[in-house]
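# Take a look and give me a structure for this.
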Amino acid sequence: ETLYMAPDAYAAARDAETKGAGTLSNAGLRTVALDGVPSHLRDPRTNGFKSVEEIRTALAEAHPMLARAPFLKATSGRYSGEIIPHGARASASNPSGKALHRGMPLEPVRTAQLEDFLSHTAGPTQLVAVFCLRDDDVNSRKMLRVAEQVNGALCLRGARPLGTCADAVLDEHAAAPHLDPREAPLDPAGQECRIVRVNAAESRTLAQKYKVRTVPFVLLMYNASIVYAGTLGGAVAKKPLPGDGKSGAGRAWRVLLVEPSHAWGLKIEGELKKFRAMGRLTWDHCLTGAEAAARRQTMANIGGGADYDLVLCSDALEEGEMAVIERSFRGAATPGQGNGLGPLVVGMAHVLAHDGHDKMTKVAWEPGTSSTLCRGLAGKRALLPSERHASACELALKRPVKTAHLEALLGALASRIKGLEDNQPTIGMSPKVLVSALIKGLEDGRRGTFVATGGMASLASTFSSSTGGTGAEAGRHDHIGASSCGAEATFKGFTLDRAGLRAHLAATSSL
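Next up, the predicted model:
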């Protein structure tokens with residue numbers, strides 16, 4: 001503490017020491033004995049330092065902890081096992097109470113002992129999910145984390161039935177943050193579903209027997225018979241959201257132009273071509289509202305979750321046409337389609353000179369759009385020709401459509417999906433997909449619907465249409481497994497392999 005004394009105070013302290021005063025003191029500092037032991041850390045019984053715990057308590061009283069900021073509340077304790085984060089609940093396995101991966105490690109099974117495990121260890125009415133992984137594979141590690149999370153939910157559920165809803169299983173796991181799967185009484189034999197892992201690189205026996213030619217690979221076994229064999233979509237990846245074509249991120253915006261006038265359509269498409277050349281958008285052109293609704297339905301039937309992001313509606317459309325557009329595009333967004341918010345419907349108004357001044361005085365333009373977009377109901381009523389147009393359109397703009405209008409519209413679209421980044425839809429084996437597969441596999445096993453010969457077409461259909469062979473055919477595993485790809489790809493319900501294409505050609509041979 002003498003290092004922080006003022007020079008004159010230190011000189012006075014040295015004089016006092018020379019005169020034999022025995023202590024150093026200064027205003028604002030604790031009294032320090034000449035032997036170097038501060039008074040608040042001195043043990044009066046031994047005249048030396050206190051014990052370690054007493055010193056820690058004394059220092060905590062002398063220097064209280066500062067109030068944690070929100071960032072520190074969320075991240076404190078990450079690197080220390082002694083700091084308990086704000087609002088955390090400590091347990092025996094987690095003394096600091098910090099947020100941990102609440103999964104349960106998968107039970108390892110040797111490849112040579114897998115058949116014996118399925119026949120004798122696993123129960124006859126128990127579904128066993130066998131994860132074929134490699135320690136040196138990145139996708140295997142990703143799927144392992146998902147499987148451990150689901151395994152933790154199964155351990156917390158115990159012997160209770162799995163049910164028919166995957167969300168209920170995961171929500172129960174998320175709603176009990178104070179429960180740790182590692183502290184739950186573990187009884188795998190009493191669970192309906194059991195998840196184990198095998199090392200695909202340990203032996204070639206597994207690959208030769210089940211034709212596993214890709215990792216990660218999942219086998220769902222019921223009573224030692226296969227009800228599913230595949231990748232469950234592979235490692236989880238986020239669906240691409242529309243992005244700024246200038247930075248090359250994301251996909252291009254999908255625009256639907258509904259314009260019955262040929263002259264106006266050419267003018268608008270001339271502006272759209274500029275943005276298409278930059279890779280920022282693509283568009284389709286329809287003449288009526290019914291055609292626009294049919295075009296959206298066709299896109300939904302193709303699959304892949306595609307949808308339009310922006311719909312530009314002409315003021316030349318009749319009220320009946322706008323009613324069709326309002327029902328088709330302004331309703332509830334289809335789950336898993338597009339960005340999850342539905343298309344942005346914009347009305348285009350042609351303002352004539354004789355009444356243009358009166359209309360413009362009633363319009364309140366959106367801030368930051370350079371007087372190009374109008375969102376208020378009064379402004380839409382003033383610009384658009386009817387009440388039906390105003391209710392069907394979320395935004396309105398004044399013709400002719402220029403580059404500034406399209407820039408403002410793309411900015412409005414970007415602001416709409418800005419909050420979707422954290423909840424961005426994903427493809428691949430997520431916890432929900434895995435739990436759904438376990439529920440479906442359990443149902444198929446109880447019905448006796450097992451995978452028969454027929455390649456990936458029959459394997460993929462077990463998860464969607466429950467097709468397959470009988471129990472007598474379940475022992476034939478000659479064609480099980482993927483040949484080269486790490487994820488199953490389908491088109492209109494048919495798997496993209498030779499068997500799937502043959503089935504597709506047979507179904508469409510009459511066309």
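# For the rest of this, base every contact and every neighbour count on C-alpha atoms.
Fine.
# For the nearest residue to Val146 once chain neighbours are set aside, report the pLDDT, please.
Leaving aside its sequence neighbours, Val146 sits nearest to Pro431 (Cα to Cα, 6 or more residues apart in numbering; 5.8 Å). The per-residue pLDDT reported for Pro431 equals 86.
# ditto for the one 5 residues further on
pLDDT, the model's per-residue confidence, is 89 for Ser436.
# I'd like to know how many residues surround the closest residue to it other than its chain neighbours.
Spatially, and ignoring its direct neighbours in sequence, Ser436 is nearest to Ala166 (5.5 Å; Cα to Cα, 6+ apart). By other Cα atoms under 10 Å, the residues close to Ala166 number 18.
# for Ala166, what are its contacts?
Ala166 sits next to 432, 435-436, 439 when contact means Cα atoms under 8 Å, 6 or more residues apart in numbering.
# picking up where we left off before, check contacts around the residue nearest to Val146.
146-147, 149-150, 170 are the contacts of Pro431 under Cα under 8 Å, 6+ apart.
# one step back: which of the contacts of Ala166 ranks first by neighbour count?
Highest neighbour count within the contacts of Ala166: Val435, with 25 neighbours (other Cα under 10 Å).
# Excluding chain neighbours, give the residue nearest to that residue in space.
Using Cα to Cα, 6+ apart, the nearest residue to Val435 is Ala166, at 5.5 Å.
# Check the gap between that neighbour and Asp284 for me.
As for Ala166, its distance to Asp284 is 38 Å (criterion: Cα to Cα, to the nearest Å).
# Check Thr57 too.
Here the criterion is Cα to Cα. By it, Thr57 lies 72 Å from Asp284.
# And the longest helix seen in the chain, what does it pack against?
In terms of residue count, the longest helix belonging to the chain (DSSP state H) is helix 138-157. Helix 138-157 makes packing contacts with helix 166-174, strand 193-199, helix 431-447 when contacts are defined by 3 or more Cα pairs under 8 Å, 6 or more residues apart in numbering; DSSP states H and E.
# any chance of those in a markdown table, plus distance to Arg498?
Below are the helices and strands packed on helix 138-157 laid out as a markdown table (distance: least, Cα to Cα, whole Å):
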| stretch | distance to Arg498 |
| --- | --- |
| helix 166-174 | 32 |
| strand 193-199 | 29 |
| helix 431-447 | 25 |
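# Out of the ones you listed, indicate the one that is most buried.
Per residue and on average, the most neighbours among these fall to strand 193-199, with a mean of 22 (mean count of other Cα atoms under 10 Å).
# Against which helices or strands is that one packed?
Applying 3+ Cα pairs under 8 Å, 6+ apart, one finds that strand 193-199 contacts strand 107-108, strand 127-133, helix 138-157.
# Could you rerun that using 10 Å?
strand 107-108, helix 114-116, strand 127-133, helix 138-157, strand 217-222, helix 431-447 (3 or more Cα pairs under 10 Å, 6 or more residues apart in numbering; DSSP states H and E).
# rank the helices and strands packed on helix 138-157 by pLDDT, which is bottom?
Lowest mean pLDDT of the helices and strands packed on helix 138-157: helix 166-174, a mean of 76.
# Let me know whether Glu318 touches Ala290 as I believe.
No: judged on Cα atoms under 10 Å, Glu318 makes no contact with Ala290 at a distance of 11.5 Å.
# Great, nothing more from me.
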